[in-house]
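Participant: Sequence and predicted structure are below.
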Amino acid sequence: MSGTITDIGKAAMARAVSERTLHYAWGTGEEAWDDDPAAKPNWKSRTALVNEVGRRTVTKASFARPDPDVDVLVPTVQKDGTVKVVPYILQDTPSPYLYLQANFGFEDAANLTIREVGIFMDTVTKEDLPPGQRYFLPGEVEDPGLLLAAECLDMGMNRLPSTQPIFGFILPF
């Protein structure tokens, strides 16, 4: 017998995830993805990014719901390959949608091309790192944790040290 997870059950899962240690990771992926989108990985069974270069502690975790009175816009790739932008409004009440945001630093992955991103839960970093450090290179991670969601960027993002990227991600439960 299998049951149906209710909307409030999904909201409970979103709340449980929001209370964990969360990191937004990014990587260079594979250059072949630039010319052949079919070469991009199927993320469903993966446990890591293809070529992670760093991860930042999530800056903001908030519940959200689709709503035209927009707080954030989230591009969603449809099955036919088109992109649909969905507006969400942030809220304090638990919902089946969890909005996660990471504010990367100017120097994070500077001069690299970012092609993949992912959300990790329960990352464990090495103990001898400076207090308050929020950006971690792969060698500073003891246990990467669990990959909750990942995606390839449609076009690689060239990281310039003169910009400070802010990434947002909606996790639907």
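Facilitator: Arrived safely.

Participant: Pull out the buried residues from the helix or strand of the chain with the lowest mean pLDDT.
Facilitator: Least confident helix or strand of the chain, by mean pLDDT, DSSP states H and E, is strand 72-77 with a mean of 80. Residues 72, 74 are the ones in strand 72-77 that count as buried (16 or more other CB atoms under 10 Å). For glycine as for every other residue, the C-beta is placed from the backbone atoms N, C-alpha and C.

Participant: Check stretch 78-97 too.
Facilitator: So stretch 78-97, judged by 16+ other CB under 10 Å, has buried residues 88, 89, 90, 94, 95, 96, 97.

Participant: cool, and stretch 36-56?
Facilitator: Counting neighbours by 16+ other CB under 10 Å, stretch 36-56 gives 40, 49, 50, 52, 53, 54, 55, 56 as buried.

Participant: Can you tell me the strand partners of the least confident helix or strand of the chain and which way each runs?
Facilitator: strand 83-91 (antiparallel) (DSSP bridges).

Participant: what about the strand it pairs with, distance to the chain center?
Facilitator: Strand 83-91 sits 15 Å away from the centroid of its parent chain (CA atoms, centre = their mean, to the nearest Å).

Participant: Quick one: work out the angle between the lengthiest strand in the chain and strand 83-91.
Facilitator: Identified as the longest strand of the chain according to DSSP state E is strand 146-158. Between strand 146-158 and strand 83-91, the angle comes out at 120 degrees (axes from the mean of the first three to the mean of the last three CA atoms, to 10 degrees).

Participant: what's strand 146-158 packed up against?
Facilitator: helix 32-35, strand 113-121, strand 166-172 (3 or more CB pairs under 8 Å, 6 or more residues apart in numbering; DSSP states H and E).

Participant: Now the ones you listed in a markdown table, please, with extra columns for mean neighbour count and distance to residue 4.
Facilitator: Below are those laid out as a markdown table (neighbours: other CB atoms under 10 Å; distance: least, CB to CB, whole Å):
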| stretch | mean neighbour count | distance to residue 4 |
| --- | --- | --- |
| helix 32-35 | 13 | 37 |
| strand 113-121 | 22 | 24 |
| strand 166-172 | 17 | 16 |
